[in-house]
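Chemist: Turn this into a model:
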Amino acid sequence: MHEEWLEQQKRKRIETQIKEFVDRFARASGNDEEWQDVKRDYENSEIWKDLREKALKRAHDQCERCRGSTNVVGPLQVHHNTYERIGGREKMTDLEALCFKCHREAHRERDQIHADEREENYWDARLEGAINWFATRILKLDEGWEYDPDQEERVIDEFIKLSAKKYLKSDVGEYDKAEFHRGIPEWFKDQVMAGEHLDLIFDRDNEF
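Modeler: Numbering: from 1, shown residues only. So this is what the prediction gives:
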């Protein structure tokens with residue numbers, strides 16, 4: 001009975017620590033120096049040491065990428081494939097036990113993925129800002145227009161039409177222009193909603 005109570009208290013303590021780390025990582029998002037400080041604290045925690053040990057046991061003394069034995073490749077290091085659940089919520093599939101060489105390569109891969117995500121987020125934010133500017137400044141809609149499905153559909157439709165108009169006035173090939181005779185092509189709509197052609201839409205004074 002006493003051992004069961006101790007185990008319950010341990011689980012509660014760990015759950016509290018996990019929540020604290022998750023909150024700290026969230027607050028440090030966007031501040032690399034602060035985030036790294038939280039990460040160092042986390043790597044010294046009982047939570048991380050337990051997860052790390054599980055990943056190493058799963059590997060059975062073999063790098064989980066090159067399958068090299070620790071007798072050959074040296075001690076294994078536990079790598080985060082993603083930081084999405086860092087703080088104690090990690091799934092075991094988020095972690096890999098790797099040799100030094102594979103760990104270094106895994107870092108490069110993860111850094112590239114994060115760079116691609118940052119670029120995608122940049123273009124998403126730029127497109128959202130352009131559409132909102134168009135809705136409030138050109139169509140004269142009130143703030144909050146995006147919460148009305150009919151208004152949202154109208155704004156996007158008009159935004160695509162204007163994008164097509166600007167595109168056809170630009171230096172595009174005659175073949176491309178011919179495709180618009182039957183209406184705005186789906187490929188062009190997809191490009192607009194992916195954030196392409198924004199530089200064509202705005203002139204130097206940031207006006208339509």
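Chemist: Would you map the strands across this structure?
Modeler: Taking DSSP state E as the criterion, the chain carries its strands at 77-80, 95-98.
Chemist: closest one to V192 among the ones you listed?
Modeler: Proximity to V192 (CB to CB) singles out strand 77-80 among these, at 36.0 Å. Just so you know, the C-beta spots here come from the backbone N, C-alpha and C atoms, and that holds for glycine as well.
Chemist: any low-confidence regions in this protein?
Modeler: For the chain, applying pLDDT under 70 flags the ranges 1-2, 172-176, 202-208.
Chemist: What's the biggest helix in it, counting residues?
Modeler: Longest helix in the chain by number of residues (criterion: DSSP state H): helix 100-133.
Chemist: Now it: buried residues?
Modeler: Buried positions in helix 100-133, judged by neighbour count with 16 or more other CB atoms under 10 Å: 102-103, 106, 127, 130-131.
Chemist: and if you look at stretch 182-189?
Modeler: Buried residues in stretch 182-189 (16+ other CB under 10 Å): 184, 188.
Chemist: The nearest residue to K54 once chain neighbours are set aside: what's it in contact with?
Modeler: In this structure, K54 finds its nearest non-sequential neighbour in M92, 6.5 Å apart by CB to CB, 6 or more residues apart in numbering. Counting by CB atoms under 8 Å, 6 or more residues apart in numbering, M92 makes contact with 51, 54-55, 58.
Chemist: Out of those, name the ones that lie in helices.
Modeler: 51, 54-55, 58.
Chemist: any chance you could map the helices in the protein?
Modeler: Using DSSP H, helices in the chain cover 2-28, 32-43, 46-59, 70-73, 100-133, 149-169, 174-179, 186-193, 198-201.
Chemist: For H80, which of these is the nearest?
Modeler: helix 100-133 (7.5 Å).
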